[in-house]
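Asker: need a structure here:
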Amino acid sequence: ACAPLWSQECGTSVFSSGRCVRLNAELQLTGTIAPTAQRCSTYMDIVLVLDGSNSIYPWEEVQAFLGNILRRFFIGPGQTQVGVLQYGEHLVQEWALGQHPTAQSLLEAARNLTRQEGRETRTAMAIREA
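Answerer: Okay, the predicted model is just below:
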């Protein structure tokens, strides 16, 4: 059994370090196990679903919001990967997980993202696809 003793910040993430013990079938302590070294990881796959229909205005605020979110993660291979789906009448995969391997390329892609537009907003379709 392992239990966290404390949590600490690692960039924008928090991870717990802890202590592990051996228990018998009656859940009685039989010894301690040295905790394994924990590295500070931020491994995540994030897919953002953006409403690009005409009901969202102004689009520049969506781009700013996206940039503000993306700046908070460690982007890169073996760390956080981000994909973006945009929807309106149709669903468009703007970029796939890992397509932008650096924070700089991801933020540039967010700045250059254009609104899809359209007369319909198909939110449920976009969420199912994500």
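
Asker: sec struct for residue 82, please.
Answerer: Classification of residue 82 using DSSP: H, G, I helix; E, B strand; the rest coil returns strand.

Asker: quick one: it and residue 106, what's the gap?
Answerer: Per Cβ to Cβ, to the nearest Å, residue 82 is found 6 Å from residue 106. (Each C-beta comes from the backbone N, C-alpha and C, glycine too.)

Asker: now do the shared contacts for these two.
Answerer: Residues touching both residue 82 and residue 106 (Cβ atoms under 8 Å, 6 or more residues apart in numbering): 70, 75, 100.

Asker: and residue 119, what does it touch?
Answerer: 53-54, 89.

Asker: looking at these, which are in helices?
Answerer: The members of those all map outside helices under DSSP state H.

Asker: reformat those as CSV; add distance to residue 112, pLDDT and neighbour count.
Answerer: As requested, the contacts of residue 119 are exported to CSV (distance: Cβ to Cβ, whole Å; pLDDT from 0 to 100; neighbours: other Cβ atoms under 10 Å):
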residue, distance to residue 112, pLDDT, neighbour count
53, 19, 87, 20
54, 20, 83, 15
89, 22, 85, 15
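
Asker: from the shared contacts of residue 82 and residue 106, which is closest to residue 127?
Answerer: Nearest to residue 127 among these, counting by Cβ to Cβ, is residue 70 at 20.1 Å.

Asker: pretty sure the closest one contacts residue 104?
Answerer: No. Residue 70 is beyond contact range of residue 104, at 10.6 Å (criterion: Cβ atoms under 8 Å).

Asker: mind checking pLDDT for residue 11?
Answerer: At residue 11, the pLDDT value in this model is 54.

Asker: great, nothing more from me.
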